[in-house]
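Following is a predicted model, sequence given first.
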Amino acid sequence: MRVYNTLTKQKEEFRPLREGEVRMYVCGPTVYDYTHLGHARTYVAFDVIRRYLEHKGYMVLMVMNFTDIDDKIIRRANETGEDPKELAEKFLRYFLEDMTALKIKPADIYPRVTEHIEEIIDFVRKLEDRGYAYEGSDGVYFEVQKFGDYGKLSGIKVEELRQGARVEPGEGKKNPEDFALWKKAKPGEPKWPSPWGEGRPGWHIECSTMSTKYLGEQFDIHGGGNDLIFPHHENEIAQTEACTGKQWVRYWLHTGFLMVNGEKMSKSLGNFITIREMLKRYNPEVIRLFILQRHYRTPLDYTEEGIEHAKNNLERLYNTLENIRVAMSKAELPFRWEKEEFEAYNAIRDARKKFYDAMDDDFNTAEALKAVFEVSNAVNRYLTRVEKPAESILRKALEFFKAVSEVFGIFEDYFREQKAGGEEALIQFLIDVRARLRKERNFALADRIRAELREMGIQLEDTPEGTIWKRIRV
RNA sequence: GCCGGGAUAGCCUAGAGGUGAGGCGGUGGACUGCAGAUCCGCUUUACGGGGGUUCGAAUCCCCCUCCCGGCUCCA
């Protein structure tokens, strides 16, 4: 398995530090507003990466932090007149709800900054002891030039940084590139006691502290949106490696940005799309598929057309699954394979390999998705060509789709279906009644039954072998 | 300015030296009371432009055009 490492700017063979275990940290949100489609892009991407690693047999320990105290939260709270703590709490809950709705597997630990103030203070003190940090008038700062490797992730040079730096008035920094580890509280701001007076942690220090607390001083994967490479992740590396003296993270993974109609999504442009709005209009699996149609590192452009494509794609795949389900009821144990069976088997086998090869190559979901369609096509073609399908062929296809379901987080309902026997019998009864009506050429009433069932999410389809029914899922 | 990512058929997306990439859409046909699903065709010898290397280039090299992002708010 190969992954693209932002640190080395190339694909590398993936080898976790401990055999059989992957420890990964994904930068979570600052909870000051609704979760948007850009978050969805990043967190669905990492969800699939995590799912694939688990699918491959790794035990994955996944940590995602919440920044529940910072400047943006305070600013927003001041604007709305809310208590910063309550505001953060509210949006944190919304975020978790949105993640659940998007079928994103929960992290194993969701450390919150406000629950780790002591550890953060300890971390800052260590940096102070080692001579990397100094106290200024308004806070404690990390002295960037003391860390020789600064810039190794983002490729940024300290000199360039100085040219473009905006030093806010009154800041107690020695150098413009230095960044805050601890901010002293201004009147009315949330605060915690510390050796440097009351205040709150800087932004970057939380991730260094909490990731090393739960994953150790060295771990496998650290991820986040592309926009976090600089300054956030660069600063995290500086702090952590200055503190431990060891190489910290093995593989840095970053997701590409979400665009809206070719422009960056931002509030000022008025193209800010929340996950809540999206979920009102689209099945979460449609949103997931939309995201997976593009490789995670490439920018993803959101358009109405694009999401409609995803919807059509998902419908098609669900149709295939329903076709298999219907065919299963008339499938037989094969005593003999014909040309059709060999063709279908080979097509499934080849596509399956393609799927795993694509996912092994830096989680190329777009390429892997082709393989899913190839299996879909192969099965559909097979079903149109044979009268009595071989059960083994259908099972091979189903096993493949089950794997896809686990990795992509789609087709969930299909594979979780409970046997609601009563309902199925009732549907079958209505189909029988409708068949009689059709025989009597009472199409008006026959169509009414079909229409009513459709309203209830059951699609009837007339075939030469009789009427079948499918669940409408998209 | 510096750094990075792009331009692939009507549309969306992979691929990265060698036998018609996948989907969507459109369209014709098979099947159908109609609808739906599916299948079989067609749209389909696609790779921003110009040079070069090579038996062979979307793919490698050089130049150019255009788009996007980052450069202390950001997933």
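Yep, it's here.

Just give me the neighbour total for residue A:346.
Other residues near residue A:346 number 11, with proximity taken as other CB atoms under 10 Å. Yep, even glycine has a C-beta here, placed from its N, CA and C like the rest.

what about the strands in the stretch 251-400 of chain A?
A:258-260, A:263-264, A:300-302 (DSSP state E, counting those that start in this stretch).

what's the last one in contact with?
So the one you mean is strand A:300-302. With CB atoms under 8 Å, 6 or more residues apart in numbering as the test, strand A:300-302 has contacts from A:37, A:41, A:256-262, A:265, A:273, A:290-291, A:294.

thinking again about what came up before, dump the strands of the stretch 251-400 of chain A into a markdown table; add mean pLDDT and distance to residue A:415 as well.
As requested, those are arranged in a markdown table below (pLDDT from 0 to 100; distance: least, CB to CB, whole Å):
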| stretch | mean pLDDT | distance to residue A:415 |
| --- | --- | --- |
| strand A:258-260 | 88 | 29 |
| strand A:263-264 | 80 | 37 |
| strand A:300-302 | 90 | 27 |
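
ok, how many other residues are close to the closest residue to residue A:7 other than its chain neighbours?
Nearest residue to residue A:7 in three dimensions, chain neighbours excluded: residue A:252, at 4.8 Å (CB to CB, 6 or more residues apart in numbering). A count of nearby residues for residue A:252, using other CB under 10 Å, gives 21.

partners of residue A:252 in the sheet?
For residue A:252, the beta-bridge partners are residue A:222 (DSSP bridges).

tell me the contacts of it?
Going by CB under 8 Å, 6+ apart, residue A:252 touches A:5-7, A:153, A:221-223, A:229, A:233.

Please apply the same query to residue A:279.
Contacts of residue A:279 (CB under 8 Å, 6+ apart): A:98, A:101-102, A:287.

Among those, which one has the most neighbours?
That'd be residue A:287 among the contacts of residue A:279, by other CB under 10 Å, with 25 neighbours.

for chain A, longest helix please?
Longest helix in chain A by number of residues (criterion: DSSP state H): helix A:304-328.

Counting by contacts, list what that helix packs against.
Under the contact criterion of 3 or more CB pairs under 8 Å, 6 or more residues apart in numbering; DSSP states H and E, helix A:304-328 touches helix A:284-292, helix A:365-385, helix A:391-408, strand A:466-471.

Reformat the strands of the stretch 251-400 of chain A as a markdown table; add mean neighbour count and distance to RNA strand B.
Formatted as a markdown table, these follow (neighbours: other CB atoms under 10 Å; distance: least, CB to the nearest atom of the strand, whole Å):
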| stretch | mean neighbour count | distance to RNA strand B |
| --- | --- | --- |
| strand A:258-260 | 20 | 4 |
| strand A:263-264 | 12 | 4 |
| strand A:300-302 | 19 | 5 |
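
Pipe those into JSON lines and attach distance to residue A:442 per row.
Below are the strands of the stretch 251-400 of chain A laid out as JSON lines (distance: least, CB to CB, whole Å):
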{"stretch": "strand A:258-260", "distance to residue A:442": "51"}
{"stretch": "strand A:263-264", "distance to residue A:442": "56"}
{"stretch": "strand A:300-302", "distance to residue A:442": "47"}
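
Quick check: which element contains whichever residue of the stretch 51-200 of chain A sits closest to RNA strand B?
Residue of the stretch 51-200 of chain A nearest RNA strand B, by CB to the nearest atom of the strand: residue A:177 (3.2 Å). Assigned by DSSP states H and E, residue A:177 belongs to no helix or strand.
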